[in-house]
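> Got a sequence here, can you build the structure:
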Amino acid sequence: MSQSTKTTAKEHELAIPESLPQVGITATEIRPWGSFTTLEEGQGYKIKRIEVKPGHRLSLQMHHHRSEHWIVVSGTARVVCGGEEKILSSNQSTYVPQCTSHRLENPGVIDLVLIEVQNGQYLGEDDIIRFQDDYSRR
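Numbers count the residues shown, from 1 in each chain. Next comes the predicted model:
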């Protein structure tokens, strides 16, 4: 290979245009039911990896400003959404519309891992209205 065609690994790194968000993986946040890690965030969307410990569940809640898509990576999810209950397993998904009460639970014996894609104009953690919570959070 001639000197003019050789490139280093550094030169092959993809350049990210300045107009795109450059958010890396944030620290994992621990919750009583498990944890979540924000993988990416941009204008109007946020992507999280959520782990729910066996026998635990998140609060029955809703959001005024966002909808959510949940994709199960591993484990079993019991989902309550707008009064309907369903069981999801690996490679299955569901949609949670904005302003709809919902809850995520792990009825299984292994960790539930899912990817959550949030869409909306405001994606802050304070946009949670809790109706019931096993851990007495407000």
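> what about the helices in the protein?
Listed in chain order, the helices of the chain (DSSP state H) span 9-12.
> Spell out the residue ranges of the strands in it.
29-31, 34-42, 45-52, 60-62, 66-74, 77-81, 84-88, 93-96, 102-105, 112-120, 129-132 (DSSP state E).
> most tightly surrounded among the ones you listed?
With neighbours defined as mean count of other CB atoms under 10 Å, the strands of the chain peak in mean count at strand 102-105, which reaches a mean of 22. Every C-beta, even on glycine, is put in place using the N, C-alpha and C of the backbone.
> among the helices and strands of the chain, which one scores worst on average pLDDT?
helix 9-12 (a mean of 43; mean pLDDT, DSSP states H and E).
> Dump stretch 92-101 to CSV, keeping only the CA atoms.
What follows is stretch 92-101, C-alpha atoms only, in CSV (Å, rounded to 0.1, in the frame of the first residue of the first chain):
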residue,chain,number,x,y,z
GLN,A,92,-41.6,-7.8,21.7
SER,A,93,-42.6,-4.2,22.1
THR,A,94,-45.4,-1.8,23.2
TYR,A,95,-46.3,1.8,22.9
VAL,A,96,-47.3,4.1,25.8
PRO,A,97,-49.2,7.2,24.6
GLN,A,98,-48.7,10.6,26.3
CYS,A,99,-51.1,11.2,29.2
THR,A,100,-51.8,7.4,29.6
SER,A,101,-51.4,5.7,33.0
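> so where's this structure uncertain?
1-25 (pLDDT under 70).
> if we go to 90?
Along the chain, the model assigns pLDDT under 90 to residues 1-27, 137-138.
> what's Glu51 in contact with, if anything?
Gly34, Ser35, Phe36, Asp111, Leu112, Val113 (CB atoms under 8 Å, 6 or more residues apart in numbering).
> Need the residues that contact stretch 114-131.
36, 39, 41, 44-50, 52, 59-73, 77, 98, 101, 104, 137-138.
> Could you do stretch 74-85 as well?
Contacts of stretch 74-85 (CB under 8 Å, 6+ apart): 52, 57, 60, 70, 86-90, 94, 96-97, 100-108, 110-114.
> Equivalent analysis for stretch 39-50, please.
With CB under 8 Å, 6+ apart, stretch 39-50 has contacts from 20-21, 23, 25, 34-38, 104, 112-121, 123.
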